[in-house]
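# sequence and predicted structure are below.
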Amino acid sequence: MQTDHATSSVSNGHVTAPHTDAGPEALRAGLGELVAATGRVRAAVESVVPNRPDLARLTVAVLLAEGHLLVEDVPGVGKTTLAKALARTIDCRVGRVQFTPDLLPSDLTGVNIYRSSSGEFEFRPGPVFNNVVIGDEINRASPKTQSALLECMEEGQTTVDGTTYTLPRPFLVLATQNPVEMEGTYPLPEAQRDRFMARLAIGYPDNDAELRMLDSQQSTDPFAHLEPVTTAEAMTRYAAWARAVHASPAVKQYVIDLAVGTRGHAGLRLGASPRASLQLLRVAKAHAAMAGRQHVLPDDVQSLAVPVLAHRLILSTESRLAGVTAAEIVRDVVDRTVVPAGTTSPAAAQRRSTLGRTTNQSR
C-alpha cells in the first residue's frame, strides 16, 4: 500500500461548491472554463494512453460527474497507467492501494493507534482520505475488504470505531479489475458494482500503437512529462457547473425508458437499478458540459449507456449459455427505445435519416 501526497489547494479536504443558480450567461462562461480545463486533462491522459480518446473522455466525464470508475481487463494493457495518468493531471492528493487477499478493511479506511505518551488514541487515516484513490486489482481482495469501500463511494464518508469522518472533495475511486475467471480473484458483489458509475475496458493496442510504445518507453518514463493541468478545487467547481446543465423532462423520461427496458428484457435476470438511471443522467450532463452545451441530448445518453449500465446487469442462464454479453443487451435496448422527438442534435438526425434511407434502399 502506498500513499503519494501532492500539493493541494483544498483546505482540510473540503471545498465549498459554487452556486449554480446563476443565469445562462454565467453558466456559459463557466462551461467555457470547464471545456478548456477538461480538454487539457484529456490531452494529458491521451499522451500516455494513445489512440483511445474514448477512454480519456469517459474517464474525465466520470470525474466531472463525481462518480467512480471500474477499469476491467487482462493484466498488462494499461489499466493502472490510465489511472495514474489521470491522477497526475490534477494537483491533489493521490492514494494507491494494491489489493491482496490479506488486505484488511482498516488498511483502507484507517485505524486508531494508542499513544502511551498521551494516554489517548490517535486516528491514522487510510488511503481513502485522498482525492483520487487508485485501487489496483480490487477483485483480488476478500469480499469483506471490497465492501469496506461501499460507504466511502456512496456517502463520501467512512466510519471507524463508531466515529464518522468526511472524505475530501473531489473523491474518485478508480479501481482496476482482472477478469473474474483468473485465478485468485473474487467477483465484486452486485451492490459494489452498482456503486461504480461506469466500467470500461482498454483492450489490446493495434500493431502501430504497440510499436510506438516499444520505441518510446525503452529509455523514457511515460509519466515524466505529465504535470498537473488543474486543481482539486477547480474540479469541484467544474462539477457544480456540470450539475447545472439542463436535462429536459423528455430526456429524463428517455433515461428511465432505457432502464425500464433492461428490467423487462428476456435476456436478463436483473436489470438496471434507479441508481443506474440517476448516474446515467449525471454523467450525461458532464458529457454535455464537456462539449460546451447547456443541455443534455439523447446522443449523450446513448454514447454512455453501455459503460454505465452493462456492468450492473445480471444475465439470465440462457444468455450466458448462448454467449450473449450485457453490452449487447444494452445496445439492443438502446436500438428498441424510441428517442423523444425534438431532442436530437441536427447532426444525429441527419445520420439517422441517411441510415433510414440506406436501409429502405437495401430492402
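Cool, the structure landed.
# against residue 319, how distant is residue 267?
Remark: distance between residue 267 and residue 319 (Cβ to Cβ, to the nearest Å) = 4 Å. Where you see a C-beta, it was placed from the backbone N, CA and C, and this is true even at glycine.
# need the residues touching each of those two.
Jointly contacting residue 267 and residue 319 under the rule Cβ atoms under 8 Å, 6 or more residues apart in numbering are residue 329.
# quick one, phi/psi of residue 66?
phi 60, psi 40 (degrees, to the nearest 10).
# that one against residue 170, yeah?
Yes: counting by Cβ atoms under 8 Å, residue 66 touches residue 170, with 6.3 Å between them.
# show me what contacts the residue most central in space within the chain?
Nearest to the mean C-alpha position of the chain, counting by Cα atoms, centre = their mean, stands residue 69 at 3.0 Å. Shown in contact with residue 69 (Cβ under 8 Å, 6+ apart): 58-59, 62-63, 172-175, 196-200.
# can you rerun that using 10 Å?
58-59, 61-63, 82-83, 86, 172-176, 196-200, 307 (Cβ atoms under 10 Å, 6 or more residues apart in numbering).
# hey, what's it bridged with?
On the basis of DSSP bridges, residue 69 is bridged to residue 174, residue 198.
# and it, how far from residue 199?
8 Å.
# overlap in contacts, the two.
By Cβ under 10 Å, 6+ apart, the residues touching both residue 69 and residue 199 are 58, 62, 175, 307.
# surely the third one is in contact with residue 68?
Yes: taking contact to mean Cβ atoms under 10 Å, the distance of 7.4 Å between residue 175 and residue 68 places them in contact.
# give me the more crowded residue out of these two.
residue 175 (27 against 24; other Cβ atoms under 10 Å).
# that one: what's it in contact with?
For residue 175, the contact set (Cβ under 10 Å, 6+ apart) comprises 68-72, 79, 83, 97, 99, 133-139, 146, 149, 153, 188, 192, 196, 199.
# in strands only, show me those residues.
69, 70, 71, 72, 97, 133, 134, 135, 136, 199 (DSSP state E).
# how long is stretch 260-273 from one end to the other?
With Cα to Cα, to the nearest Å applied, stretch 260-273 spans 9 Å between its terminal residues.
# quick check: mean pLDDT across that stretch?
Average pLDDT, stretch 260-273: 94.
# stretch 117-130 too?
The model assigns stretch 117-130 a mean pLDDT of 91.
# could you do stretch 198-213 as well?
For stretch 198-213, the mean confidence score works out to 81.
# buried sites along it?
198, 199, 200, 201, 202, 205 (16 or more other Cβ atoms under 10 Å).
# want to try CSV for the residues you listed, with distance to residue 160 as columns?
Formatted as CSV, the buried residues of stretch 198-213 follow (distance: Cβ to Cβ, whole Å):
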residue, distance to residue 160
198, 29
199, 29
200, 32
201, 34
202, 34
205, 42
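# pull up the gap between the residue nearest to residue 59 when sequence neighbours are not counted and residue 119, please.
Nearest non-adjacent residue to residue 59, counting by Cβ to Cβ, 6 or more residues apart in numbering: residue 86, 5.6 Å away. Distance, residue 86 to residue 119, by Cβ to Cβ: 43 Å.
# more neighbours, these two?
Shown here are residue 86 and residue 119; by other Cβ under 10 Å, residue 86 has more neighbours (27 against 7).
# got the buried residues for the lengthiest helix in the chain?
Using DSSP state H to define each element, the chain has its longest helix at helix 24-48. Neighbour counts using 16+ other Cβ under 10 Å place 27, 30-31, 34-35, 37-38, 41-42, 44-46, 48 of helix 24-48 among the buried residues.
# check which helices and strands it is in contact with.
Using 3 or more Cβ pairs under 10 Å, 6 or more residues apart in numbering; DSSP states H and E, the elements in contact with helix 24-48 are helix 53-64, helix 79-88, strand 90-91, strand 230-231, helix 232-243, helix 274-290.
# turn those into TSV, including distance to residue 108.
Shown next, in TSV, are these (distance: least, Cβ to Cβ, whole Å):
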stretch	distance to residue 108
helix 53-64	20
helix 79-88	16
strand 90-91	21
strand 230-231	25
helix 232-243	20
helix 274-290	22
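# output the below-cut-off pLDDT ranges for the chain.
The chain contains residues with pLDDT under 70 at 1-23, 180-182, 217-219, 342-363.
# how is it divided into domains?
1-244, 245-363 (automatic domain parsing).
# which residue of this protein sits farthest from its center?
Distance from the C-alpha centroid of the chain peaks at residue 117, with 44.0 Å (Cα atoms, centre = their mean).
# now that one, what's its secondary structure?
Secondary structure, DSSP: H, G, I helix; E, B strand; the rest coil: residue 117 is coil.
# tell me the strands in the stretch 201-350 of the chain, going along the chain?
230-231, 268-270, 314-315 (DSSP state E, counting those that start in this stretch).
# can you say which of those strands is packed in most?
Stretch with highest mean neighbour count among these: strand 230-231 (a mean of 20; mean count of other Cβ atoms under 10 Å).
# what pairs with that strand, parallel or antiparallel?
Short version: by DSSP bridges, strand 230-231 pairs with strand 90-91 (parallel).
# start to end distance for stretch 80-100?
End-to-end distance of stretch 80-100: 16 Å, with Cα to Cα as the criterion.
# show me what counts as buried in it.
For stretch 80-100, burial by neighbour count (16+ other Cβ under 10 Å) applies to 80-97, 99.
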